[in-house]
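Chemist: Sequence and predicted structure are below.
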Amino acid sequence: MSGSSSPRLLLLVTASSPLRSLHHGLAAARRRGAEVWVGASPDALPWLDEVAVVEATGHPLLNAGGPLPEGRPTVCVAPATFNTVNKLAAGIADTLVTAVAAEAVGLGSRVVVAPSFNTALLAHPVAQESRRRLESYGVHLLWPEVGNDSGDDDGGAHVEQWWEAVIERCELG
């Protein structure tokens, strides 16, 4: 899927259980006709099957030196850990994920963040402040009312629905 008419998605992943079922997210994006590039936080890299990602996207991992897509693709941080959400809100750009997402916010690109952490962390005052900050920056949040890091990493219906909701929020077409 190449060409300028395809919607472009830059999917930035972190080490949370939905990552183990990334193939659902990539399939959902493909069904919407999107061309996808994937970048990962350092902690997420060991969770990824790089060969499968390259086969599914047609692009090398950004971490492997793959080029960023031209223009302003939709940027989606999913799954986003507690640490990553709070770093983004604070403007900390110390990993590929946080640096690329921070730059996208600064450029005014569409940025979607899908937190995936437990209920206690969702209720944490820092997470709530980060939510307010990210929303004030124009970031589109898929913020659950309850924790969604259920450990459902077996590719079950729950995580497949989670990925469908995330990709739908990216508004790829």
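Modeler: Now that the structure is in, tell me what you want to look at.

Chemist: Show me which positions of stretch 38-55 end up buried.
Modeler: Across stretch 38-55, burial judged by 16 or more other C-beta atoms under 10 Å covers 38, 39, 40, 41, 43, 44, 45, 47, 48, 53. Quick note: C-beta positions are derived from backbone N, CA and C, even for glycine.

Chemist: How about stretch 164-173?
Modeler: Applying 16+ other C-beta under 10 Å to stretch 164-173 flags 166, 167, 169, 170, 172 as buried.

Chemist: Reformat those as JSON lines; add pLDDT and secondary structure.
Modeler: Converted to JSON lines, these look like this (pLDDT from 0 to 100; DSSP: H, G, I helix; E, B strand; the rest coil):
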{"residue": "166", "pLDDT": "95", "secondary structure": "helix"}
{"residue": "167", "pLDDT": "96", "secondary structure": "helix"}
{"residue": "169", "pLDDT": "94", "secondary structure": "helix"}
{"residue": "170", "pLDDT": "93", "secondary structure": "coil"}
{"residue": "172", "pLDDT": "86", "secondary structure": "coil"}
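
Chemist: Spell out the residue ranges of the strands in this structure.
Modeler: Taking DSSP state E as the test, the strands found in the chain are 8-13, 35-40, 74-80, 111-115, 140-141.

Chemist: by contact count, what packs against the longest one?
Modeler: To tie it back to what came earlier, the one meant is strand 74-80. If you count contacts as 3 or more C-beta pairs under 8 Å, 6 or more residues apart in numbering; DSSP states H and E, strand 74-80 packs onto strand 8-13, helix 82-90, helix 96-107, strand 111-115, helix 157-169.

Chemist: Format the CA atom coordinates belonging to it as PDB.
Modeler: Taking C-alpha atoms only, strand 74-80 is exported to PDB below (Å, rounded to 0.1, in the frame of the first residue of the first chain):
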ATOM      1  CA  THR A  74      -1.700  10.700  12.000                       C
ATOM      2  CA  VAL A  75       0.400   9.800  15.000                       C
ATOM      3  CA  CYS A  76      -1.000   7.200  17.400                       C
ATOM      4  CA  VAL A  77       0.700   6.200  20.600                       C
ATOM      5  CA  ALA A  78      -0.900   2.900  21.500                       C
ATOM      6  CA  PRO A  79      -0.700   1.200  23.800                       C
ATOM      7  CA  ALA A  80       0.600   4.100  25.900                       C
END
